[in-house]
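1. Turn this into a model:
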Amino acid sequence: MHVSGRASSPIWIGWSAGVACALAGSAAAAWLAVLHGYGGSALAGASTALVVLVLPYFLLGTTDLASRLATWMEVRRTRVLALLALPVLAYLLCASGAGAFTWIAIPALAGYVLLPLGLLLWAERSGRPPRLQDAFAVLAVWLPLEFGLLPEVWRSAAGEGAGVLTGVLGVDVAVILFVSIRRLDGVGYSFAIRPSDLREAFWNLLMFCCIAIPIGRWSQFIPPGHGVSSIPEFAVQFLGIFLGIAIPEELLFRGLIQNLLQKLLPRTYALLVAAVIFGLSHLNNGPFPDWRYVLLASIAGIFYGRAYQRSGGLMAACLVHAGVDTIWREVFR
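-> As a prediction, the model looks like this:
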């Protein structure tokens, strides 16, 4: 369930690595918040909430936690409701620190878990995925984030950190729902990066750049490039994009959408359909729809999907995605 077909490491290594990454990531986020003028009990509450959410984010990808949860929840199916504790506890910690608790947030967060959970339990009674209910469950996890509905719930408590908290929460909920509860195989959520992942990432990134940069320059979507400000800054940008953008988006579009599609369609068709959906999801990125952006994002989706298919996991696709976004920000903006 955790990572099919990959060699396992001693259990303590994965758990230690997951905890260390969670604490390091939370500390880095807190440090950035201090630099932007945040402090006091609000920062303490938000940082504690982030630790609660970031721990499963990493542990689900560095250990067999997803399998353990699946086994635990199968003993008594009502245990799936324990997933409600994750967003509610994180919100209460954050809101108590900021002194900005609102009652409406609790049913909103509960609904974010219960709607896709109910759909997946319904689908479970119909048989193995994919089922129509699986598709609706994906939408139930994705759309509240895509249209800013869930971040708005956190806004009064977390301020500008609402997007970070909800993004991490979305990953936690999606992996537990689809891997632990629905038992969907092929998701590939693992932080283990193999040499083959690096090779796939390099070649797919190179091929995308060779195609997309000329199209972007010709269509005047991409401005003339400039030099990278510094290698350390490029590396920091890459890491932030990898963790905060690439992993959530690749989990959704490759681990869930493309994965479900290729159980219905030939793999090439599934890759193309998922890439187009990914491209269309960028219509609302900006003050007005830009079809040049949709085209380039769809082309990017092809190479992300290709890396996912050829590597058998998400990490190669996430590396390509992070590379594309970092080059765009550091070289062309």
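2. going forward, measure contacts and count neighbours with C-alpha atoms only.
-> Fine.
3. Compute the distance between A212 and I277, please.
-> 18 Å (C-alpha to C-alpha, to the nearest Å).
4. check which helix or strand covers the most centrally placed residue in the chain.
-> Note on the chain: the residue nearest the mean C-alpha position is P248, at 1.0 Å, using C-alpha atoms, centre = their mean. Taking DSSP states H and E as the criterion, P248 maps to helix 247-250.
5. again with F136
-> Assigned by DSSP H and E, F136 falls in helix 132-146.
6. do I106 as well
-> helix 105-126.
7. For that helix, name the packing helices and strands.
-> helix 85-98, helix 132-146, helix 149-158 (3 or more C-alpha pairs under 8 Å, 6 or more residues apart in numbering; DSSP states H and E).
8. got these as CSV, with distance to F288, mean neighbour count and mean pLDDT columns?
-> Formatted as CSV, these follow (distance: least, C-alpha to C-alpha, whole Å; neighbours: other C-alpha atoms under 10 Å; pLDDT from 0 to 100):
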stretch, distance to F288, mean neighbour count, mean pLDDT
helix 85-98, 32, 21, 93
helix 132-146, 16, 18, 96
helix 149-158, 20, 20, 85
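9. can you tell which of the ones you listed is closest to V331?
-> helix 132-146 (26.5 Å; C-alpha to C-alpha).
10. Next, the angle helix 149-158 makes with that closest one.
-> Angle between the axes of helix 132-146 and helix 149-158 is 40 degrees (criterion: axes from the mean of the first three to the mean of the last three C-alpha atoms, to 10 degrees).
11. chain center to stretch 325-333: distance?
-> Relative to the centre of its chain, stretch 325-333 is centred 20 Å away, using C-alpha atoms, centre = their mean, to the nearest Å.
12. now what about that stretch, what contacts it?
-> I222, P223, P224, G225, H226, G227, V228, S229, F234, Q237, F238, I241 (C-alpha atoms under 8 Å, 6 or more residues apart in numbering).
13. Next up, identify which helix or strand the residue nearest to G39 when sequence neighbours are not counted is on.
-> Excluding the flanking residues, the one nearest G39 by C-alpha to C-alpha, 6 or more residues apart in numbering is A33, at 7.6 Å. Using DSSP H and E, A33 maps to helix 11-35.
14. if we can go back for a sec, report the buried residues of the helix holding I106.
-> For helix 105-126, a neighbour-count test (16 or more other C-alpha atoms under 10 Å) marks 105-106, 108-110, 112-114, 116-117, 119-121, 123-124 as buried.
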